[in-house]
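# below: sequence and its predicted model.
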Amino acid sequence: MRTRRHVYALVPLAVGALVCGVVIVGVALTLLPAFVAPTAAGSGAPGVDAWRALMALPGIGADVAFTLATAAGATLASFFVACSIGAWAITPRRRNWALVVAASIAAIPAAALAAGVAELTTSAAVLSAAMGWGASPSGEPVGTGMLVVALCLKVAPFLAAMMLIAVSRPGVDRHAAAARTLGYAHAEAFAKLILPQVYRFMRLPVCAALAWSLSAIGAEAFAVPMRRIPLAGIAWRGLSAGSVAERSEGAAAAGLVLAFTVAAIVAYFVLERIVRRAGRAWQKSGRRGTSSSLLAGLGLATSAVGLAVVVASLGTLVAAASSAGGLVGPAATAAASPLATGVVTTLAIAVVATLAAVVVAVGCLEAEDRSRRRSAWPMLLWAPWVVPQIAFLPGIAWVLSDVGLRAPLVVAIASQLVFVIPCVALAVVVPWRALDPRYVQCAEALCAAPRRVLARIKLPLVAQPVAIACALAFAVSAGLFLPVRLTVPERIATLESDVVSSARAPVSNEAALAATLLALVPAGLVAIAVAVGVAPQRRAQPAMASAAWQSAAG
């Protein structure tokens with residue numbers, strides 16, 4: 001019996017180590033061409049020619065500064081907005097519906113969001129020129145602004161959703177109510193009492209947001225024209241090229257992205273310590289003022305503007321997509337065939353990857369329960385999100401390229417599981433561990449088998465978190481561009497890849513239709529799942545659970 005428990009305890013650790021190991025191997029294989037110079041004999045010799053070629057690129061220093069500035073600025077601004085939303089949604093009713101909105105916007109893939117921003121910018125420029133308000137702003141500042149806005153619109157809802165989930169932890173509402181009873185405003189109560197409690201749950205999401213901002217290929221594709229190219233764009237251009245020299249240069253750029261990600265995370269932790277000391281001094285002073293409320297109001301105004309931009313961007317996409325619906329004859333057939341293929345492929349990959357991830361996640365959590373030991377294996381699942389995608393996916397792609405020729409769909413699904421499994425497991429692990437053990441104990445006392453306890457008690461109790469995890473996993477799968485584009489030599493047409501490959505402003509009608517589907521379907525699924533999960537009907541769940549063990553035992 002004890003040996004069986006040891007085996008069960010190793011299952012979740014093995015899954016976490018496998019995900020983390022895939023990332024480590026991918027990083028090693030991706031960076032290998034940057035340190036191995038090709039020779040005439042066909043083998044490799046150690047060298048730094050790729051790094052020299054990268055540093056010799058014109059304006060590489062300005063590109064590095066531009067990359068760091070946009071990523072750090074978008075992450076810090078998004079975290080400020082997330083804190084402002086958390087301070088406003090300090091009551092459960094506000095928090096529930098704010099979570100629905102934040103999770104729905106966070107589920108929109110970056111390419112669809114960037115396409116909407118590009119179309120909105122183009123429409124605003126055309127309207128401005130028609131009204132005689134000025135010339136069409138088609139220069140570099142517009143492209144740079146589009147990139148920053150697209151990054152913020154993607155990162156801010158994600159951090160806001162993570163903040164709202166952290167604030168929903170037990171005990172936080174009682175502390176907030178006590179602070180309001182003592183006369184503190186919502187923003188000051190949040191800053192002095194709530195944020196110090198929940199901040200430790202925000203470290204890894206902030207690091208993931210920073211890593212994603214440094215390697216957002218889908219958003220950068222629409223941010224043209226720009227004189228400065230982000231490092232991820234340089235790495236993507238080199239790694240997707242055919243020549244060995246360009247690939248080595250792209251690997252060096254990917255290594256530079258990874259190095260700057262590590263440096264940015266270290267700088268973030270240093271900044272955290274500085275802010276923590278200043279915050280403690282502010283708390284000990286006992287002063288009350290309106291500065292927190294003013295900052296929270298500024299953040300809420302910014303989030304309202306961002307929400308308006310998202311709605312307007314989706315509206316312009318829908319308007320542009322409606323023009324594609326007016327095509328008739330051969331043009332309609334030519335436009336509908338690739339779109340239908342992309343929809344079917346996206347759905348197939350997303351559904352299979354989501355179901356496989358749910359099975360793996362539930363299996364790991366059930367094995368953890370049977371071992372009666374809790375370990376830190378969920379921390380290992382953050383590796384694909386904290387490490388930039390451009391720094392490890394090319395290495396995985398080179399390993400799977402031969403298999404991809406024979407089974408492209410299988411390879412695409414396998415590459416996406418690296419991201420989908422952590423998404424499902426991290427969404428389910430907290431509700432699963434919070435289950436009342438008395439239900440299981442009652443069922444075991446009636447000699448119910450473990451598999452019957454799992455099917456009749458545990459899964460019904462966590463049905464809503466599993467549904468939310470499935471919706472999030474579907475959204476993540478639909479928005480992944482690099483795993484599909486890199487791992488399959490013969491490109492599989494998905495909605496994300498079609499939108500990114502046709503990135504230009506103004507967006508074509510066919511691309512607008514694909515971006516509309518790519519945005520609305522995942523956002524709708526997540527909105528429905530989260531809305532059902534936070535609905536008042538879940539209060540009746542314990543009454544249903546009290547009878548669940550009886551059917552399990554019978």
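Thanks, I have the structure now. Numbering: from 1, shown residues only.

# where in the stretch 451-554 of the chain is pLDDT low?
By pLDDT under 70, the weakly predicted segments of the stretch 451-554 of the chain are 489-491, 502-507, 534-554.

# can you pull out the helices in the stretch 401-550 of the chain?
Ranges of helices in the stretch 401-550 of the chain, per DSSP state H, counting those that start in this stretch, are 408-433, 437-445, 450-453, 459-461, 463-478, 482-487, 495-501, 509-533, 541-546, 548-553.

# now do the fifth one against helix 408-433, angle only.
It stands for helix 463-478. Relative orientation of helix 463-478 and helix 408-433, computed by axes from the mean of the first three to the mean of the last three Cα atoms, to 10 degrees: 150 degrees.

# tell me which residues are up against helix 463-478.
The contact list for helix 463-478 (Cβ atoms under 8 Å, 6 or more residues apart in numbering) reads 103, 107-109, 346, 349-351, 353-354, 357-358, 361-362, 416, 419-420, 423-424, 427-428, 431-432, 459, 494-496, 518, 521-523, 525-526, 528-530, 532-533, 538, 541. Where you see a C-beta, it was placed from the backbone N, CA and C, and this is true even at glycine.

# got the domain ranges for the protein?
According to automatic domain parsing, the chain comprises the domains 1-36+330-554, 49-125+135-319.

# with mean neighbour count added, can I get these in JSON lines?
As requested, the domains of the chain are exported to JSON lines (neighbours: other Cβ atoms under 10 Å):
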{"stretch": "domain 1-36+330-554", "mean neighbour count": "19"}
{"stretch": "domain 49-125+135-319", "mean neighbour count": "19"}
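
# then stretch 308-323 to PDB, C-alphas only?
Extracted in PDB, the C-alpha atoms of stretch 308-323 (Å, rounded to 0.1, in the frame of the first residue of the first chain):
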ATOM      1  CA  ALA A 308     -14.000  50.800 -25.300                       C
ATOM      2  CA  VAL A 309     -11.000  50.200 -27.700                       C
ATOM      3  CA  VAL A 310     -11.700  46.400 -27.500                       C
ATOM      4  CA  VAL A 311     -15.400  46.900 -28.300                       C
ATOM      5  CA  ALA A 312     -14.600  49.400 -31.100                       C
ATOM      6  CA  SER A 313     -11.900  47.100 -32.600                       C
ATOM      7  CA  LEU A 314     -14.300  44.100 -32.600                       C
ATOM      8  CA  GLY A 315     -17.000  46.300 -34.100                       C
ATOM      9  CA  THR A 316     -14.700  47.400 -37.000                       C
ATOM     10  CA  LEU A 317     -13.700  43.700 -37.500                       C
ATOM     11  CA  VAL A 318     -17.400  42.700 -37.700                       C
ATOM     12  CA  ALA A 319     -18.100  45.600 -40.100                       C
ATOM     13  CA  ALA A 320     -15.200  44.500 -42.300                       C
ATOM     14  CA  ALA A 321     -16.200  40.900 -42.100                       C
ATOM     15  CA  SER A 322     -19.700  41.700 -43.100                       C
ATOM     16  CA  SER A 323     -18.300  42.900 -46.500                       C
END
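
# what's next to that stretch, contact-wise?
With contacts defined as Cβ under 8 Å, 6+ apart, stretch 308-323 is touched by 105, 108, 112-113, 115-117, 119-120, 123, 149, 153, 506-507, 509, 512-513, 515-516, 519-520.

# repeat that with 10 Å
101, 104-105, 108, 112-124, 149-150, 152-153, 157, 506-520, 523 (Cβ atoms under 10 Å, 6 or more residues apart in numbering).

# so how far is it from its chain's centroid?
22 Å (Cα atoms, centre = their mean, to the nearest Å).

# what do you get for stretch 306-321?
Worked out by Cα atoms, centre = their mean, stretch 306-321 lies 21 Å from the chain centre.

# could you give the average pLDDT over it?
Averaged across stretch 306-321, the pLDDT comes to 87.

# check stretch 359-379 too.
88.

# output that stretch as CSV, nothing but the C-alphas.
What follows is stretch 359-379, C-alpha atoms only, in CSV (Å, rounded to 0.1, in the frame of the first residue of the first chain):
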residue,chain,number,x,y,z
VAL,A,359,-7.5,13.8,-18.7
VAL,A,360,-3.9,14.5,-17.7
ALA,A,361,-4.8,17.2,-15.2
VAL,A,362,-7.5,15.2,-13.5
GLY,A,363,-5.3,12.1,-13.5
CYS,A,364,-2.5,14.0,-11.8
LEU,A,365,-4.8,15.5,-9.1
GLU,A,366,-6.4,12.1,-8.5
ALA,A,367,-3.0,10.5,-8.1
GLU,A,368,-2.1,13.3,-5.7
ASP,A,369,-5.2,12.5,-3.6
ARG,A,370,-4.4,8.8,-3.6
SER,A,371,-0.8,9.4,-2.5
ARG,A,372,-2.1,11.7,0.3
ARG,A,373,0.8,14.1,-0.4
ARG,A,374,0.8,17.5,-1.9
SER,A,375,3.9,18.7,-3.7
ALA,A,376,4.9,21.9,-5.6
TRP,A,377,4.4,20.3,-9.0
PRO,A,378,2.0,23.0,-10.2
MET,A,379,5.0,25.5,-10.0
